[in-house]
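Engineer: sequence unknown, structure follows:
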């Protein structure tokens, strides 16, 4: 099941793909990672999804990553006497600590941490930004606001605060329970929602304790001002464009997407571009031309992965959506300008042996037109560092760890295979040549480059590479 593209595809699970045959079709169409959205999934439902995905691995003999997406805090207003009100521009409206049902003048805000953090001038967005207010007075018990953009708001609609840093953990009791349940089932990645600062990520990483990698969802303006410190501690990043576009001016989101994609390349951390990529395919068999361009832009930028949400989870055409995304990515990567754009984004290397080896590997592989880069990797760091360089030849990662193979499923250009660790140099070369042949990366007479760390099995010890030749008439070199 070798993919003919480097960019990976994440498909969200839901009612549209509950049938195991549809799940298999999604994988065949191009899905590399499956996302379990805990905003809409029970623990029992999550366990069923994981069981199906692990069965899929056996069926196709390929590692498949599972991304557990935590819900995060849900900030909502209270209820109204008449279920809804219509706010008029210029009117005064109060959000307070009084649990009584609201009316045209006020509503309960059951979040004392928000009332304590609000200040005059701060913006309040209700119902995904459809109603906008700004605060003119604030105390720990009530906030008086003026309506800037009016509209209807009903019971328990969501509230967003683009100017306000809320002093709460990004992990709710539900998130903690969901995380523990997911870790017990062996999920590979955990997406942390509502990240505002590096401490939020550190909290999740402490709970995972290495049992899964942590991906920070960038959806809050407060995170944008701290991107570098968040990238430092995260294992990966998701550009959550939907929520980001609610809390920030829409016109800023494309530039932020480029910035975050390139920053991920600099740090060697996978970046997933998400939300509304093929939104029209929820109800239509083909996307709009604008959506095709949107997906293509993410691929041109060198994103590690592109994600489908409702398109695959609840849409009428889940398999077609994955197949369409697959075709777009393949076409972009064959485009005349793709390689020059990718090469122009190369980041300065760190002064480490692993980075030096990764850069040398890329240069040698491209100069000699080698068929593949074979990376022996225990933790996945060797393959990830090479992927950071976005080499032209494909990357075949050989690892003794099924967990590592699954985690690498989201990394740009990496085709991971579970294989026993090498015994010595000769064994390393022999099996790298054999597997590059059987996995379809090279044929007898071709050359490959092999990267490893000696002593074998030592995480992060990338310190050597070797050019090998697949002898004619065999798959061993």
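Structural biologist: Alright, I've got the coordinates. On a predicted model such as this, the values are computed, not experimentally measured, just so you know. Numbering: from 1, shown residues only.
Engineer: Spit out the contact partners of the nearest residue to residue 211 once chain neighbours are set aside.
Structural biologist: In this structure, residue 211 finds its nearest non-sequential neighbour in residue 183, 4.8 Å apart by CB to CB, 6 or more residues apart in numbering. C-beta coordinates here come from the backbone N, C-alpha and C atoms, glycine included. For residue 183, the contacting residues are 190, 208, 211-212, by CB atoms under 8 Å, 6 or more residues apart in numbering.
Engineer: Take those and lay them out in JSON lines including secondary structure and pLDDT.
Structural biologist: Listed next are the contacts of residue 183 as JSON lines, based on DSSP: H, G, I helix; E, B strand; the rest coil; pLDDT from 0 to 100:
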{"residue": "190", "secondary structure": "strand", "pLDDT": "98"}
{"residue": "208", "secondary structure": "helix", "pLDDT": "98"}
{"residue": "211", "secondary structure": "coil", "pLDDT": "97"}
{"residue": "212", "secondary structure": "coil", "pLDDT": "98"}
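Engineer: quick one: the residue nearest to residue 211 from residue 176, how far?
Structural biologist: Residue 183 sits 11 Å away from residue 176, going by CB to CB, to the nearest Å.
Engineer: Pop the domain breakdown of this protein in here.
Structural biologist: Domain assignment for the chain by automatic domain parsing gives 8-72+170-336, 84-160, 353-469.
Engineer: Next, the distance between the ends of the first one.
Structural biologist: Which is domain 8-72+170-336. End-to-end distance for domain 8-72+170-336, by CA to CA, to the nearest Å: 20 Å.
Engineer: With stretch 309-326 instead?
Structural biologist: 15 Å.
Engineer: Show me what it is in contact with.
Structural biologist: So stretch 309-326 is contacted by 5, 9, 11-17, 22, 25-26, 29-31, 37, 40, 274-279, 281-287, 295, 306, 308 (CB under 8 Å, 6+ apart).
Engineer: Now, the residues you listed that are in helices?
Structural biologist: 22, 25-26, 29, 295 (DSSP state H).
Engineer: Could you dump the residues you listed into CSV and include pLDDT and distance to residue 195?
Structural biologist: Formatted as CSV, the ones in helices among the contacts of stretch 309-326 follow (pLDDT from 0 to 100; distance: CB to CB, whole Å):
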residue, pLDDT, distance to residue 195
22, 97, 32
25, 98, 34
26, 98, 28
29, 98, 31
295, 98, 25
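Engineer: Apply the buried test to the residues you listed and list what passes.
Structural biologist: 25-26, 29, 295 (16 or more other CB atoms under 10 Å).
Engineer: State the pair within those residues that is farthest apart.
Structural biologist: Spatial extent of these (CB to CB) is set by the pair 25 and 295 at 19.8 Å.
Engineer: Over to the residue nearest to residue 281 when sequence neighbours are not counted: give its phi and psi.
Structural biologist: Counting by CB to CB, 6+ apart, residue 281 lies nearest to residue 321, which is 4.5 Å off, once chain neighbours are set aside. Reported as degrees, to the nearest 10, the phi and psi values for residue 321 are phi -60, psi -40.
Engineer: Give me the residue ranges of this protein where confidence is low.
Structural biologist: For the chain, applying pLDDT under 70 flags the ranges 457-458, 460, 473-477.
Engineer: for the longest helix seen in it, packing partners?
Structural biologist: Ranked by number of residues, the top helix in the chain under DSSP H is helix 43-60. Packing partners of helix 43-60 (3 or more CB pairs under 8 Å, 6 or more residues apart in numbering; DSSP states H and E): helix 20-29, strand 33-37, strand 65-69, helix 173-184.
Engineer: which one of these lies closest to residue 231?
Structural biologist: Of all the helices and strands packed on helix 43-60, it is strand 65-69 that lies closest to residue 231, at 18.1 Å by CB to CB.
Engineer: ranges for the helices of the stretch 201-350 of the chain?
Structural biologist: Counting by DSSP state H, counting those that start in this stretch, one finds helices in the stretch 201-350 of the chain at the ranges 221-224, 227-233, 241-247, 253-267, 289-300, 310-313, 318-333, 338-344.
Engineer: helices or strands up against the fourth one?
Structural biologist: Helices and strands in packing contact with helix 253-267 are listed as helix 227-233, strand 236-240, helix 241-247, strand 271-274, helix 289-300; criterion 3+ CB pairs under 8 Å, 6+ apart.
Engineer: rerun that using 10 Å as the cut-off
Structural biologist: Applying 3 or more CB pairs under 10 Å, 6 or more residues apart in numbering; DSSP states H and E, we find helix 253-267 packed against strand 213-218, helix 221-224, helix 227-233, strand 236-240, helix 241-247, strand 271-274, helix 289-300, helix 381-388.
Engineer: Buried residues, the last one. List them.
Structural biologist: So that's helix 381-388. Result for helix 381-388 [16+ other CB under 10 Å]: buried residues 381-388.
Engineer: what lines up beside the next helix-or-strand element following it in the sheet?
Structural biologist: The C-terminal neighbour of helix 381-388 among helices and strands, as given by DSSP states H and E, is strand 395-399. Strands that pair with strand 395-399, judged by DSSP bridges, come out as strand 373-376 (parallel), strand 414-418 (parallel).
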